[in-house]
Structures are given as structure tokens and as C-alpha cells.
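Chemist: I need the structure of the sequence given here:
(chains A and B)
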Amino acid sequence: MWLSILGLILGISLGLLTDVQIPSEYANYLSIAVLASLDTLFGGIRAHLQQMYDDKVFVSGFFFNIALAAGLAFLGVHLGVDLYLAAIFAFGVRLFQNIAVIRRILLAKWSNKKDIEEAAR
Amino acid sequence: MSLRPNKSGKISKSIIFSLVFLVLGYILAYSYNLSKSQSELESFTGSTLFEEEERLRQELIEQQERNKSLREELMEKQASVQQFEQSFSEGENHSAELAEKTEALRRYLGAVPVEGEGLEVTLRDGEYKPDSENPNDYIVHESHVFQVINELYISGAQAISINGQRIHKNSHIVCTGPVITVDGVQYSAPFIIVAIGRPDVLKSSMELTGGVLDQLVNDNIIVTMNEEQAVSMPALLSES
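Modeler: Next up, the predicted model:
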């Protein structure tokens, strides 16, 4: 737990310290990578709450999604098709779904706990 | 979790997690940084250019003021050198001669302000003539200024200035369109050429039959000459 928080802090500081300027057309790839990583993270949280979490799926999905999204955007730029829109759409929808599922599960847990407490009283 | 992980599995799992979070944090922070720098780039608009211009202008003004104060300092130094020379001339006869000679030469070079009797020649553009197609026929050209200056020098002028600017041996007078540039400063008509020397000699040499005055009048230029009892000229270094 502590190690992962350390990793997060280290990553953020590394990212803030990096002073490399990339051309603006490649900034699209980065935004898609951000979206993909966020999506995988929320997917992992949802899976954990649904008791079907798997390390391998999570880690491989994290890196593979980032690479796939960036690759798709790269291909789209070279083909002249805005394929990054597809990635943004897919990841955006999944992100909202995941967050909705997480909210429902948490709500259900909370009301369940309340019911049990009521029953015990 | 259905399987209870053992200790080594737990450690490797947290290492994997930290790696994942490292990548996540890096991507987030990097894209944040990038978008921030891009928005900074976009905000670089005319106002900053204006500020830059203002700053440069301020710098120029400071530089000019500094030039002015340095010039004043130089004048002071020269005056003190002159005083030294005068005290020399009082002390020694031989060096007195030399000092007088340098003084005279300096007057010719234009290093010191001079005054004395002289002649003032004013050149004006001729009247506008509707029937003449070429305006070159009635405006003052730099060649006219040359003629006047050369005639004045030949007839013994010791110092000459155009519109208050001293002429020295390296002066350049260039025709730049409708105006004339004297040592980098632009002047338009009328040109007031002041010469220090004997006014009667200067005037009569200007008025020779077939001389400069006749030629200028031939070129439709309005020439006025004034004999002055006391004209003064600045030293060469003073600004315009």
C-alpha cells in the first residue's frame, strides 16, 4: 500500500520535472493514454468490489490499453481518420459505467449495513 | 480474493502496483505540464510584444541620456585641456605658439564652438509652377548646397554649418529623396548655411557674375544672403 503511494508520488514528481517539449500533434496520444490509464484504474476498483479482481488482468490491461490507445491514435493520424475519437469515446463510456457500478455497489453496501444494524437493534 | 496470497506474492504484488501507479502519476503530471506550457504559449500575444517595445524604447532613452551626459563630460574635459594650454602659452613663448596653432586647427576641425562675423545664406525651394512637369526643376538639390559650401570655403570661410549642424572635413551630404541628409541627420528646405569669415568677401564672391548665385537663380531657387555681425556655431559633438 505504502509502496504504491510512494510510486504515485515519485511518478507525479518525475512528470512535473520532465521538461521535454513534444509536438502538439502528439499531445493527442498522451491524452488518450491518460484516459486509458484512468479507465483501467476504475475498472480495477470495480472488479475488486465485485470480488472478481485479478492481478494479471489489471496490470496487463493497464499497459496494453495505454499502448493500444496510443497506437490507434498514431494509426489514425497516418491514415487521416480521427481514430483517437473512437478511443476517447470507448474509454469515456467505460469510465462512466465503471464509476456508476462502483457507486451502486458502495450505495448497496452502505444501505445493507444500515439494515443489518437496524435488524440487530 | 479467493486465494490467500503468501508473503512473497504480497511483496511482488505491491511492487507491481507501485509500478502501475508510477506510470499513472507520470502520465498525469506530464500531460498536465504539457497543457500548461501550451496555454502559456498561446497567451503570448500582442500585449507582451507591446511591453517589449516599451522596454526597448526605455532602454534607448536611457542610452541617449547617458550619451548626452558623456558628451557633456567630454566638453568639460576639453575645456580644462584648453585651460591648460592657455596657462602654457602664458608660461612659455614657444609652446604658446603651438597652443595657438592647435586652437586654430581645432576651430577648423570643428572640435570647439566658434563665433564671429559671417554670412548667412538661405536656400529655399522655388515657387510651384503648374506648367513645369518636373518638380526637380524648382527644388533645392544637394548639388546646390555643395556649390554654396565650396564657394564659401574657397573664399576663405573658416567654419560652415548647415541648419545649425557643423560641417567638418569628413562630412557627407547625401540627397535622400525630397530631403538632404547631412552626417546622418535629415533636413528639408529651407537650408540655412552659415559661414564664419569676412562677410563682405564671402558675399561678393557669391555674387560674381556667372557665379554661384547666378546659377542658383537660374535653377529657380530663392536665395537670400545676410551679413551677420555675430554668428555662433556649436562644436561638432553636440547633437544635431
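
Chemist: quick one: the strands in chain B?
Modeler: Counting by DSSP state E, chain B has strands at residues B:114-124, B:159-162, B:165-166, B:173-176, B:179-182, B:185-187, B:191-196, B:222-233.

Chemist: need those strands in CSV (columns: distance to chain A).
Modeler: The C-beta positions use only the backbone N, C-alpha and C, and glycine is treated the same way. Below are the strands of chain B laid out as CSV (distance: least, Cβ to the nearest Cβ, whole Å):
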stretch, distance to chain A
strand B:114-124, 62
strand B:159-162, 57
strand B:165-166, 53
strand B:173-176, 47
strand B:179-182, 47
strand B:185-187, 47
strand B:191-196, 58
strand B:222-233, 61
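
Chemist: possible to save those as TSV with mean pLDDT?
Modeler: Formatted as TSV, these follow (pLDDT from 0 to 100):
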stretch	mean pLDDT
strand B:114-124	85
strand B:159-162	86
strand B:165-166	82
strand B:173-176	83
strand B:179-182	84
strand B:185-187	83
strand B:191-196	87
strand B:222-233	83
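
Chemist: could I get the ones you listed as a markdown table with distance to residue B:89?
Modeler: Formatted as a markdown table, these follow (distance: least, Cβ to Cβ, whole Å):
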| stretch | distance to residue B:89 |
| --- | --- |
| strand B:114-124 | 19 |
| strand B:159-162 | 22 |
| strand B:165-166 | 25 |
| strand B:173-176 | 36 |
| strand B:179-182 | 35 |
| strand B:185-187 | 36 |
| strand B:191-196 | 23 |
| strand B:222-233 | 24 |
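
Chemist: can you list the ones you listed in a markdown table and add mean neighbour count?
Modeler: Shown next, in a markdown table, are the strands of chain B (neighbours: other Cβ atoms under 10 Å in any protein chain shown):
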| stretch | mean neighbour count |
| --- | --- |
| strand B:114-124 | 19 |
| strand B:159-162 | 23 |
| strand B:165-166 | 22 |
| strand B:173-176 | 13 |
| strand B:179-182 | 18 |
| strand B:185-187 | 15 |
| strand B:191-196 | 23 |
| strand B:222-233 | 15 |
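
Chemist: got the contact list for residue A:10?
Modeler: B:22, B:25 (Cβ atoms under 8 Å, 6 or more residues apart in numbering or on different chains).

Chemist: how much space between it and residue A:4?
Modeler: 10 Å (Cβ to Cβ, to the nearest Å).

Chemist: show the contacting residues for residue A:46.
Modeler: A:98, A:101, A:102, A:105.

Chemist: number of nearby residues for the third one?
Modeler: I take that to be residue A:102. Residue A:102 has 17 neighbouring residues, counting by other Cβ atoms under 10 Å in any protein chain shown.

Chemist: skipping adjacent residues, who's closest to it in space?
Modeler: residue A:46 (5.3 Å; Cβ to Cβ, 6 or more residues apart in numbering or on different chains).

Chemist: how far away is the one you found from residue A:52?
Modeler: Distance of residue A:46 to residue A:52, computed by Cβ to Cβ: 9 Å.

Chemist: got the residues of chain B near chain A?
Modeler: Within chain B, the positions near chain A by Cβ under 8 Å from any Cβ of the partner chain are B:1, B:13-35, B:37-38.

Chemist: run through chain B and note the low-pLDDT ranges.
Modeler: B:1-9, B:40-47, B:92, B:129-133, B:135, B:237-240 (pLDDT under 70).

Chemist: helices of the chain, start to end?
Modeler: Picking chain A for this. Secondary structure of chain A, counting by DSSP state H: helices at A:2-17, A:27-49, A:55-79, A:83-120.

Chemist: if you could check chain B rather than the one you did, that'd help
Modeler: Along chain B, the stretches classed as helices by DSSP H are B:7-42, B:46-91, B:93-109, B:142-154, B:199-206, B:212-218.

Chemist: dump the ones you listed into CSV; add distance to residue A:83 as well.
Modeler: Putting the helices of chain B into CSV (distance: least, Cβ to Cβ, whole Å) gives the following:
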stretch, distance to residue A:83
helix B:7-42, 19
helix B:46-91, 37
helix B:93-109, 80
helix B:142-154, 71
helix B:199-206, 88
helix B:212-218, 82
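
Chemist: put together a markdown table for the ones you listed, with mean neighbour count on each row.
Modeler: As requested, those are exported to a markdown table (neighbours: other Cβ under 10 Å):
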| stretch | mean neighbour count |
| --- | --- |
| helix B:7-42 | 16 |
| helix B:46-91 | 11 |
| helix B:93-109 | 13 |
| helix B:142-154 | 17 |
| helix B:199-206 | 17 |
| helix B:212-218 | 16 |
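
Chemist: and residue B:164, how far from chain A?
Modeler: To chain A, residue B:164 is 56 Å away according to Cβ to the nearest Cβ, to the nearest Å.

Chemist: same question but for residue B:204, I mixed them up
Modeler: With distances taken as Cβ to the nearest Cβ, residue B:204 is found 78 Å from chain A.

Chemist: what's the answer for residue B:214, then?
Modeler: Residue B:214 is 74 Å from chain A, where distance means Cβ to the nearest Cβ.

Chemist: do you know which of the strands of chain B lies nearest residue A:118?
Modeler: Of all the strands of chain B, strand B:185-187 sits nearest to residue A:118, with 97.7 Å by Cβ to Cβ.

Chemist: contact partners of the closest one?
Modeler: By Cβ under 8 Å, 6+ apart, strand B:185-187 touches B:162, B:163, B:165, B:176, B:179, B:180, B:181, B:240.

Chemist: for the fourth one, give its distance to residue B:122.
Modeler: Noted for residue B:176: a distance of 21 Å to residue B:122, by Cβ to Cβ.
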